[in-house]
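Need a 3D model of the sequence below.
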Amino acid sequence: MWSTPMTLLGATMAAIARITVAQTPPNNCVSTTTAISPTEYSAMYADLAAAMARSMVTPLESGDVVGATVRLAFHDAGEIDIREPDVLGVDGCVDLTKGDNAGLDGIIATLETLRGPYCHIISRADWWVLAAKVAVEARVSGPGNNGYTVPFRFGRTDSADCTYPGGRLPSAELGSEELDRVFVQQMGLRMEDAVTLLGAHTLGRAQTDNSGYDGPWVNNPGEFNNEYYRELLQSWRKDTGRTAAHTEWVRGGGPTGAPKRIMLNADMELAFNVVDELATINVCGGDNVGGQGQCTRNTELSGLATSFATNNAEWLRAFSASYKRMTEVGYADDTLTCVQDAAGNLLGGVSATQCGSTTLSTPTADDTTEVPTTVLPTTVQDEPSTSVESPGSSNGRDRPNVVLFMPDDMSFFWDEAPVSVNNPGITTHMDALRTNAVVFNNAYTAGVQCAPARFALLTGRYCSRSEHARDNGNMNNDERVVVSVPRCKISGTDNGKTIQALLMAAGYRTIFAGKWHISAGNTAAEWADYIVAWSAVAASGFTHDAGVFISNMNGNLPFSHNMEWNVALSRQHISDAVDANEPFFLYFAGTMPHGPSVADSLALVNGLISTPNGTLPDAPISGLPPRQAMLQFASDNSLSDKQLGTYITDLALGEILREVDNQGVSDNTLVICLMDHGMLDKPEIT
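This is a model prediction of the structure:
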């Protein structure tokens, strides 16, 4: 959202001038909000919403106004540096001496006029955050927007002076390292927040007078949806007529007849490497990736950007959580307060666990007016209903977390299994789980191969009924289809008929780790481009990537099994989900003990940092033992390769269960551990 020395979301003064009220601010304005009643909150929201509505003259101008409002909140937050002793941050003040903030004086004056009737109640800092919330909610669109809201709590304090030396907002000319500097090191957020929050560029446009850049990022700059990410992944050309200080990547414009759209280097870096390659490339994105004179993928960030491009609801949920983190930076949790009505309902899109009983703004006896539903949107999917406890908490009972754990080609080690083998004592975590769990002795696989079992598990149907099988089987609906790996693929309308799609629609963070094996795409192309592989998985309803092996591996790939990678990412996503008060669904389908050789994979030079998504900068922190120690254990206990893979798979389960326990959500997490099909035989069936 920010840049140096530029503005990313300009506001035309003509459009801003249309937002006017007659009353001027009185002299008794507060600098810290101490209480807001439901009636006051309703009136504030209504006035801001009406002002936004009056600005909707054209899509472009409406984007300018809501974009400027959101940009102001972003810039206010972005001036904090948690490493410095100053008190800057979300404080109702931006340093207008900085070129970064050019053009913000107009929207500041407008919002101050609107605050006039309420400035004895609400601080300027809280007012800016509330105004940005209203702006987003006024323009949200696309799948997942029904009842959408972003969280708001009050209690922020204004600063009279917010000047600072140097620059704190990120430069649009720089790349992912700059985003890390600002969002992670300076603000204490995460790179996932950076990727998520930059999507607000879907609102508004850059203007030459403010920034030196010119144009909107999307076709519809007055709509708040994932169009920014969908545009980002298209083909872009570098405008070679511009100076090096103001690099623009453009689509449309000129003789094409299509509206001009722009991306800046900071935007492009969410999916591609452009900053380091800038001197040698002129095209990027779409089909122009990886070739001579073309950019390459940013493997660190592009997975999330691609996921957002394919799933508007996912991005809206992520934005809600990231916006809350950004606008509360620098404030202790117990210093921010929620608005509560007389019935005890929380307003502002917050969950019950975010508002303890000691921090509620208690209404007076006379203040029992119910807030109109036309003014206050209902709760967003990733922020649970305020009448229940957080689904991520150990006390929540409305939506439990789910871990679905399925090894690949693992033998049955338990006596009651149809075919079992001697237990060599390598499944200690599975054994402990079974001791305290419900065991289903008469559960059967829907197919005795990898793909049929996986298709049935995620869809609840035989894969002979899949759209892919019918389209590629040359059979009528009343004829039988061979249940085999080539037939069992999720594609087309089947993507919406999965467990993960249903849970995603219910507000879950849906996480995939391990072997997919049910993509209808070109396997070679999916191995060659990780974004293509992840897109196939995301299309079925998964929102978060914990490491995808798109199919079975062969000896020609530059990587092999990497259970550490899958476990580390899964643990991080579980932690993030709990932090965001989101219920999670983790489908962990590890690649072991299926081939290739597990022992050989552990012995590979750089095997720990080699993945389908490229080479990792550092070894993943998974909690699993060192690879040499696992090889030594196998040698000491004369384990076969299959047994070694089973041993490591069991260790992976242990680490996931440990993470769930460490997060304090064991009591509200359903763990399902099952075999895919066993190892007796793998015949095709009809």
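
hey, where'd the helices end up in the stretch 51-200 of the chain?
Under the criterion DSSP state H, counting those that start in this stretch, the stretch 51-200 of the chain contains helices at 59-78, 104-115, 124-139, 176-179, 191-197.

Could you confirm Val339 falls within a strand?
Yes: Val339 forms part of a strand when assessed by DSSP: H, G, I helix; E, B strand; the rest coil.

burial count for it?
Val339: 26 surrounding residues under other CB atoms under 10 Å. No exception for glycine: its C-beta is placed from N, CA and C like everyone else's.

The one 5 residues further on now?
Other residues lying near Gly344 total 13 when counted by other CB under 10 Å.

my read: Ala206 touches Gly215, true?
Yes: under the criterion of CB atoms under 8 Å, Ala206 makes contact with Gly215 at 6.2 Å.

ok so, going back, would you list the helices of the stretch 51-200 of the chain in TSV and tack on mean pLDDT and mean neighbour count?
TSV is the format used below for the helices of the stretch 51-200 of the chain (pLDDT from 0 to 100; neighbours: other CB atoms under 10 Å):
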stretch	mean pLDDT	mean neighbour count
helix 59-78	75	26
helix 104-115	88	20
helix 124-139	93	26
helix 176-179	88	18
helix 191-197	92	23
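
any chance of those in a markdown table, with distance to Ile621 too?
As requested, the helices of the stretch 51-200 of the chain are arranged in a markdown table below (distance: least, CB to CB, whole Å):
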| stretch | distance to Ile621 |
| --- | --- |
| helix 59-78 | 29 |
| helix 104-115 | 41 |
| helix 124-139 | 35 |
| helix 176-179 | 21 |
| helix 191-197 | 16 |
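
coming back round to it: so for Ala206 and Gly215, which residues contact both of them?
Shared contacts of Ala206 and Gly215 (CB atoms under 8 Å, 6 or more residues apart in numbering): Ile262.

Show me which of those two is the more surrounded one.
Ala206 (25 against 19).

and the closest residue to that one other than its chain neighbours, how many neighbours does it have?
In this structure, Ala206 finds its nearest non-sequential neighbour in Tyr213, 3.8 Å apart by CB to CB, 6 or more residues apart in numbering. Applying other CB under 10 Å, we find 21 residues neighbouring Tyr213.

Tell me the spacing between Tyr213 and Asp100.
Using CB to CB, to the nearest Å, Tyr213 is found at 13 Å from Asp100.

How far away from the center of its chain is the helix ranked longest in the chain?
Using DSSP state H to define each element, the chain has its longest helix at helix 641-662. Averaging C-alpha positions (CA atoms, centre = their mean, to the nearest Å) puts helix 641-662 26 Å from its chain's average.

Which neighbouring elements make contact with it?
In terms of contacts (3 or more CB pairs under 8 Å, 6 or more residues apart in numbering; DSSP states H and E), helix 641-662 is packed against strand 401-405, helix 428-435, helix 563-579, strand 584-589, helix 598-603, helix 627-636, strand 669-673.

Which positions within it qualify as buried?
641-657, 659-660 (16 or more other CB atoms under 10 Å).

Report the inter-axis angle for that helix versus strand 401-405.
Angle, helix 641-662 to strand 401-405, by axes from the mean of the first three to the mean of the last three CA atoms, to 10 degrees: 170 degrees.

Low-confidence regions, the stretch 401-550 of the chain specifically.
Applying pLDDT under 70 to the stretch 401-550 of the chain flags residues 415-420, 472-485.

If we use 80, what do you get?
Scanning the stretch 401-550 of the chain with the threshold set as pLDDT under 80 gives 412-424, 441-448, 463-487, 493, 495-496.

nearest spatial neighbour of the residue nearest the centre of the chain, skipping sequence neighbours?
In the chain, the residue lying closest to the centroid (CA atoms, centre = their mean) is Ala318, at 4.6 Å. Nearest residue to Ala318, sequence neighbours excluded (CB to CB, 6+ apart): Thr196, at 4.6 Å.

Pull up the gap between Phe319 and Val532, please.
Phe319 is 25 Å from Val532, where distance means CB to CB.

swap that for Arg153, sorry
To Val532, Arg153 is 41 Å away according to CB to CB.

more neighbours, the two?
Taking neighbours as other CB under 10 Å, Arg153 and Val532 compare with Arg153 leading, 27 against 16.

Was I right to think that one contacts Gln340?
No: the criterion here is CB under 8 Å, and Arg153 misses it with Gln340 at 11.2 Å.

Within the helices and strands, which one has the closest residue in space to Ala505 that isn't next to it in sequence?
Leaving aside its sequence neighbours, Ala505 sits nearest to Ala313 (CB to CB, 6+ apart; 7.3 Å). Using DSSP states H and E, Ala313 maps to helix 312-327.

by how many degrees do that helix and helix 563-579 diverge?
Using the same axes, to 10 degrees: helix 312-327 against helix 563-579 is 70 degrees.

other SSEs contacting helix 312-327?
Against helix 312-327 (3+ CB pairs under 8 Å, 6+ apart) you get helix 59-78, helix 124-139, helix 191-197, helix 302-310, helix 499-505.

Apply 7 Å and report the result again.
On a contact count with 3 or more CB pairs under 7 Å, 6 or more residues apart in numbering; DSSP states H and E, helix 312-327 meets helix 59-78, helix 191-197, helix 302-310.

what's the closest of these to Asp471?
Taking CB to CB, helix 302-310 is the member of those nearest to Asp471, at 21.2 Å.

angle of that closest one against helix 312-327?
For helix 302-310 against helix 312-327, the angle by the same axes, to 10 degrees is 120 degrees.

Which other helices and strands does helix 302-310 contact?
helix 191-197, helix 227-232, helix 312-327, helix 530-538.

Adding distance to Asn613, write those helices out as TSV.
Formatted as TSV, these follow (distance: least, CB to CB, whole Å):
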stretch	distance to Asn613
helix 191-197	15
helix 227-232	18
helix 312-327	19
helix 530-538	4
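
Quick check: which of the ones you listed is nearest to Ile281?
Nearest of those (CB to CB): helix 227-232, 15.9 Å.

Next, count neighbours for His246.
Applying other CB under 10 Å, we find 18 other residues in the vicinity of His246.

got it, and Tyr229?
Counted with other CB under 10 Å, the neighbours of Tyr229 add up to 28.

From Ser307, how far out is it?
Distance from Tyr229 to Ser307, by CB to CB: 9 Å.

Then Asp239?
In terms of CB to CB, Asp239 sits 29 Å off from Ser307.

Counting neighbours, go ahead and name the busier of these two.
Each of Asp239 and Ser307 has its neighbours counted (other CB under 10 Å); Ser307 has more, 25 against 16.

residue contacts, Ala525?
Counting by CB atoms under 7 Å, 6 or more residues apart in numbering, Ala525 makes contact with Val532.

same deal with the one 3 residues further on?
When contacts are counted by CB under 7 Å, 6+ apart, Ala528 touches no other residue.

just Ser551 next, same as before
Contacts of Ser551 (CB under 7 Å, 6+ apart): 516-517, 523.

Give me the distance from stretch 619-629 to the chain's centre.
Centroid displacement of stretch 619-629 relative to its chain, using CA atoms, centre = their mean, is 27 Å.

buried ones in that stretch?
By neighbour count on 16+ other CB under 10 Å, the buried set for stretch 619-629 is 620, 622-624, 627.

okay, among the residues you listed, which ones form the most distant pair?
Farthest-apart pair in the buried residues of stretch 619-629 is Gly623 and Arg627; separation 13.5 Å (CB to CB).

Great, nothing more from me.
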